[in-house]
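Q: I'll drop the sequence and a predicted model, then ask my questions.
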Amino acid sequence: MRARLVPADDGPPIDLTKDLLLVGRGEDCDVRVEHKSVSKFHCVIVKTDGLLLLRDLGSTNGTRVNGQRVRRAALLPNDTVGFANLKFKVMFGVELEAVLVAEAAAGQPAADAPVRLNAHPDVYQEQNTPPN
């Protein structure tokens, strides 16, 4: 199932490609959100059985769904999710497929990986050290 978070401030969309995504400021987060109001490990989003499930990880400024602060929630298409002071529109299912078809027709590349604001790769190559 493809899913996407679209920022309310017209920033680049975040495609949710993994089945379990960690959202926060931390370097190990799948969706890294660089904002001081977002906790290091803010929340988790899980894709399962055609649903998106969200669970707050005890964040300082909270997670909101449609303006309501939640600890956990099932997300539906067009829901608004807020991580502290940042808001995103949830897209998946038929609505997202229509957007992807429109992007393809307009010649825009479809994003196949989540937007990661950290520049560190997931895997580092081993460095060759000279023998002593």
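A: Looks like it arrived, so ask away. Since we're looking at a predicted model, the values are computed, not measured. Numbers count the residues shown, from 1 in each chain.

Q: roughly how far does the residue most central in space within the chain sit from D19?
A: For the chain, the residue lying nearest the average C-alpha position, counting by Cα atoms, centre = their mean, turns out to be V31 (4.5 Å). With distances taken as Cβ to Cβ, to the nearest Å, V31 is found 13 Å from D19. Placement of C-beta: from N, CA and C, glycine included.

Q: repeat that for K87.
A: K87 is 24 Å from D19, by Cβ to Cβ.

Q: in terms of neighbours, single out the busier of these two.
A: For the pair K87 and D19, the greater number of neighbours falls to K87 (16 against 10), based on other Cβ atoms under 10 Å.

Q: quick revisit: any idea what the closest residue to the residue nearest to the centre of the chain other than its chain neighbours is bridged to?
A: For V31, ignoring the flanking residues on the chain, the nearest one in space by Cβ to Cβ, 6 or more residues apart in numbering is V23 at 4.5 Å. Taking DSSP bridges as the rule, V23 bridges to V31, C43.

Q: heads up, I number from 718, so please use that
A: Done: numbering now begins at 718, and the last item shifts to V740.

Q: quick one: contacts for V740?
A: Each residue near V740 by Cβ atoms under 8 Å, 6 or more residues apart in numbering is listed here: C746, D747, V748, V750, V755, H759, C760, V761, I762, F800.

Q: tell me the least confident of these?
A: Within the contacts of V740, V750 has the lowest pLDDT, namely 88.

Q: residues contacting it?
A: Applying Cβ under 8 Å, 6+ apart, we find V750 in contact with V740, G741, R742, H759, F800, L803, L834.

Q: and the one helix or strand V807 maps to, what does it pack onto?
A: Using DSSP states H and E, V807 maps to strand 803-809. Applying 3 or more Cβ pairs under 8 Å, 6 or more residues apart in numbering; DSSP states H and E, we find strand 803-809 packed against strand 720-724, strand 797-800.
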